[in-house]
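K.L.:
Turn this into a model:
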Amino acid sequence: LKLQFLYLIALIHPTMWRVVSTLSAGAAFAAATAPDATAVQSDEVLGRTDAVYASWNLDASCNRGFHVTDFRNENLRAAARGLAPSRLRFGGSGNDYLVYEMSEGGECHGIPTPPAPQQQGCGYFTPGCLNATHWDALYGFAEAAEAEFLFGVSFRLDEADAAGAAYRWNSSNAASLLEYMASRNQTMWGYELGNEINNNAKSSKAPLTPAMQAAAMVELAGLARYFTPSAKFVGPDTGSPNWGTWMPGYINAMAELGGGGLLHAATHHVYNGIQNATFNSPKQLDSGIPDMTRFRNMIKNAGAAGRGVEMWAGEMGPNYGGNDGMCFGAPCGLYASAVWYADELALRAAHGYTHHQRQDFFGATYGLVSGSAVSVLSRDDTLVLHSDYWVNYLWKRLIGQDVLGMASDTPTLRAYAFRGTPPSAYAAAECRNATQAVLINLTPDRAARVALQGTGSVSFAAWSLAPPPAGPLANGARLNDVPLPTTVDVARSEPAFLQHIPVAPVRGSVPDGVVVPPLGVTIVCH
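P.N.:
Have a look, this model is predicted:
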């Protein structure tokens, strides 16, 4: 009771978190015999994620700062490279209001310079122009990040509203961009077309349907494969409203329109909606499971049209960013969000997702990184690393691609298992050709000693991510009780910590159990 009371005080007075974490850790290490939780591993392989499973997005929306982000910033590039291998998805609401102008000639005529983020008139649907200079900087950023590029092509919702019932997607502007890419030997891993078109179906003056979006995708594929025969195609990038009818309608329409076998992955967008008081709630973390099952069944029930189609989490965030990018007061950019993110990655992998795109890398307060101002980054700005960044960073270095079964006997102890060699070139030696457990302690005031069963292992190496001294509602994180960097500034020195993990693992004996700190995310390799 004393520790619970102190935790409540700590939420109001963050400096009290030092007291809570010190007392709870001491109590846990003093525990003698019975474990606080048991996690039982199965050797059954539930699925396999791709090597770039933990990936991230960039959004062309005005309020996400796309037009005022200098992608030549070396700190931004270094931080993104630290998460390699990744797939950069360039997509979001703003992408459907983006016009491409690769040469001076008028495609962007009449489109004013967008206002700065958080200024009046700068929103999701603010029209924007992508010229050759900004495009080359963005493409150069992806190359420097060693990231595959998934391009969200504009569905031109502004034209749809203007044309009304007569609207049909026009490929000419996209073709001009593809031709420019070819002239510069720029290649794409894949393409999307239309972001959450189902969300706009009711408000648009055009009769938007799954078949219309599918027909546009088939047309785009014909163009794109002329330049890049190996390109993949992903869609429909649905949002929550009526997605249950839009998703199967799109998959079936793709097959009926001659695009059978064209769709590499079906993708849907979800924001969990965590709040300061619910980020560590088992009920909140599990709230998306019914839709995960529903999604899997949609693909399965599509029959031949869904055969071979992967299930993707295409745009996932802790909470909706809001038009001002400030995330509705949720713990975006704070350690509490990292607890959700670690569980989100593991939970969706356990439910059959092969790929996960985090919203977003930079832009709004839910980004993995930020500048000194929200959604604004000049060429020489120092970069701020948010707590969530380290979840993605550790995932690449510590987690293999095979997904195993693992069950916990305690609701406040989340447990997941994986196997194989992590995909990063800087994968920890202890985790190569190994089995890994992801253990998340949702208890805020007490460490948990976890008994691992079914592993067949004798010893382990572990890395534990824990809140900073100011508590879970602050930015920052500790790794095995060592504070992690919160900024990147390559002008001063090349940050070696973006390569090998800068903190040594804690080693122990499996029979003795693994200690997971309060609100900690512990990755165990054995």
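K.L.:
quick one: secondary structure of the residue nearest to Trp246 when sequence neighbours are not counted?
P.N.:
Spatial nearest neighbour of Trp246, excluding adjacent residues (Cβ to Cβ, 6 or more residues apart in numbering): Asn198 at 4.0 Å. To be clear about C-beta, it is placed using only N, CA and C from the backbone, and glycine gets the same treatment. Look at Asn198: counting by DSSP: H, G, I helix; E, B strand; the rest coil, its state is helix.
K.L.:
Can you list phi and psi of the residue nearest to Thr69 when sequence neighbours are not counted for me?
P.N.:
Leaving aside its chain neighbours, Thr69 sits nearest to Leu377 (4.8 Å; criterion: Cβ to Cβ, 6+ apart). With angles defined as degrees, to the nearest 10, Leu377 sits at phi -150, psi 120.
K.L.:
quick one: contacts for Leu377?
P.N.:
If a contact means Cβ atoms under 8 Å, 6 or more residues apart in numbering, then Leu377 has 65, 68-70, 73, 76, 362, 371, 383 as its contacts.
K.L.:
Kindly provide the distance from the residue nearest to Trp246 to Ser204.
P.N.:
Asn198 is 11 Å from Ser204, where distance means Cβ to Cβ, to the nearest Å.
K.L.:
Tabulate the contacts of Leu377 (CSV), appending pLDDT, neighbour count and distance to Ala461.
P.N.:
Shown next, in CSV, are the contacts of Leu377 (pLDDT from 0 to 100; neighbours: other Cβ atoms under 10 Å; distance: Cβ to Cβ, whole Å):
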residue, pLDDT, neighbour count, distance to Ala461
Gly65, 94, 27, 39
Val68, 95, 18, 43
Thr69, 96, 24, 38
Asp70, 97, 16, 40
Asn73, 97, 23, 35
Leu76, 98, 25, 32
Phe362, 97, 27, 32
Gly371, 94, 23, 35
Leu383, 96, 25, 30
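K.L.:
Show me which pair in those is furthest apart.
P.N.:
Val68 and Leu383 (15.1 Å; Cβ to Cβ).
K.L.:
Stretch 390-405: end-to-end distance?
P.N.:
Counting by Cα to Cα, to the nearest Å, the length from the leading to the trailing residue of stretch 390-405 is 24 Å.
K.L.:
no wait, stretch 277-289
P.N.:
From start residue to end residue, stretch 277-289 stretches across 20 Å - Cα to Cα.
K.L.:
Give the helix, strand or coil label for Arg89.
P.N.:
strand.
K.L.:
show me the residues around it that make contact.
P.N.:
Counting by Cβ under 8 Å, 6+ apart, Arg89 touches 55-58, 150, 152, 192, 314-315, 357.
K.L.:
Wait, Ala470 touches Gly476, no?
P.N.:
Yes. At 7.2 Å, Ala470 and Gly476 qualify as touching, with contact defined as Cβ atoms under 8 Å.
K.L.:
re earlier: need the per-residue pLDDT for the residue nearest to Thr69.
P.N.:
If you check Leu377, the pLDDT there is 96.
K.L.:
I figured Ser154 hits Val99, correct?
P.N.:
Yes. Under the criterion of Cβ under 8 Å, Ser154 makes contact with Val99 at 7.2 Å.
K.L.:
who's more crowded, those two?
P.N.:
Ser154 (25 against 21; other Cβ atoms under 10 Å).
K.L.:
State the distance from the closest residue to the more buried one other than its chain neighbours to His268.
P.N.:
Closest residue to Ser154 apart from its sequence neighbours, by Cβ to Cβ, 6+ apart: Leu98 at 4.8 Å. Distance, Leu98 to His268, by Cβ to Cβ: 22 Å.
K.L.:
One more: Phe151?
P.N.:
19 Å.
K.L.:
Okay, now the unreliable bits of the chain?
P.N.:
Under the criterion pLDDT under 70, the flagged ranges of the chain are 1-33.
K.L.:
May I have stretch 166-184 as PDB, with CA atoms only?
P.N.:
C-alpha atoms of stretch 166-184 as PDB (Å, rounded to 0.1, in the frame of the first residue of the first chain):
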ATOM      1  CA  ALA A 166     -17.600  12.300 -62.500                       C
ATOM      2  CA  TYR A 167     -14.300  11.600 -60.500                       C
ATOM      3  CA  ARG A 168     -11.900   9.000 -61.800                       C
ATOM      4  CA  TRP A 169      -8.300   8.900 -60.500                       C
ATOM      5  CA  ASN A 170      -5.900  10.500 -63.100                       C
ATOM      6  CA  SER A 171      -2.500   8.900 -63.300                       C
ATOM      7  CA  SER A 172      -0.800  11.700 -65.200                       C
ATOM      8  CA  ASN A 173       0.700  13.500 -62.200                       C
ATOM      9  CA  ALA A 174       2.000  10.200 -60.700                       C
ATOM     10  CA  ALA A 175       3.400   9.300 -64.100                       C
ATOM     11  CA  SER A 176       5.500  12.500 -64.100                       C
ATOM     12  CA  LEU A 177       7.000  11.500 -60.800                       C
ATOM     13  CA  LEU A 178       7.700   8.000 -61.900                       C
ATOM     14  CA  GLU A 179       9.500   9.300 -65.000                       C
ATOM     15  CA  TYR A 180      11.600  11.600 -62.900                       C
ATOM     16  CA  MET A 181      12.600   8.800 -60.600                       C
ATOM     17  CA  ALA A 182      13.600   6.700 -63.600                       C
ATOM     18  CA  SER A 183      15.700   9.600 -65.000                       C
ATOM     19  CA  ARG A 184      17.500   9.700 -61.600                       C
END
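K.L.:
And for it, what's in contact with it?
P.N.:
Residues contacting stretch 166-184 (Cβ under 8 Å, 6+ apart): 99-100, 102-103, 107, 130, 132, 135-136, 139, 153-156, 159-160, 186-188, 193, 206-207, 212, 215-216, 219-220, 223-224, 226-227.
K.L.:
Need the buried ones from those residues selected in PyMOL.
P.N.:
Buried members of the contacts of stretch 166-184, defined by 16 or more other Cβ atoms under 10 Å, are picked up in PyMOL with:
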select buried, resi 99+100+102+107+130+135+136+139+153+154+155+156+159+160+186+188+193+206+212+215+216+219+220+223+224+227
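K.L.:
Buried residues in stretch 307-319, which are they?
P.N.:
Applying 16+ other Cβ under 10 Å to stretch 307-319 flags 309-319 as buried.
K.L.:
Mind checking which of the residues you listed are in strands?
P.N.:
Using DSSP state E, the subset of the buried residues of stretch 307-319 located in strands is 310-317.
K.L.:
On the three-state scheme, Thr267 is what?
P.N.:
strand.
K.L.:
Do I have it right that it meets Gly194?
P.N.:
No. Using Cβ under 8 Å, Thr267 is not in contact with Gly194, being 11.2 Å away.
K.L.:
residues bridging contact with these two, i.e. touching both?
P.N.:
235-237.
K.L.:
Now tabulate the residues you listed in a markdown table and tack on neighbour count.
P.N.:
Conversion of those to a markdown table gives the following (neighbours: other Cβ atoms under 10 Å):
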| residue | neighbour count |
| --- | --- |
| Gly235 | 31 |
| Pro236 | 28 |
| Asp237 | 30 |
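K.L.:
Now for the nearest residue to Pro117 once chain neighbours are set aside, how many residues are close by?
P.N.:
For Pro117, ignoring the flanking residues on the chain, the nearest one in space by Cβ to Cβ, 6+ apart is Ser375 at 3.9 Å. Neighbour count for Ser375, taken as other Cβ under 10 Å: 29.
K.L.:
ok, Ser375 to Asn75 distance?
P.N.:
Taking Cβ to Cβ, one finds Ser375 at 16 Å from Asn75.
K.L.:
cool, and Ile289?
P.N.:
Going from Ile289 to Asn75 by Cβ to Cβ gives 38 Å.
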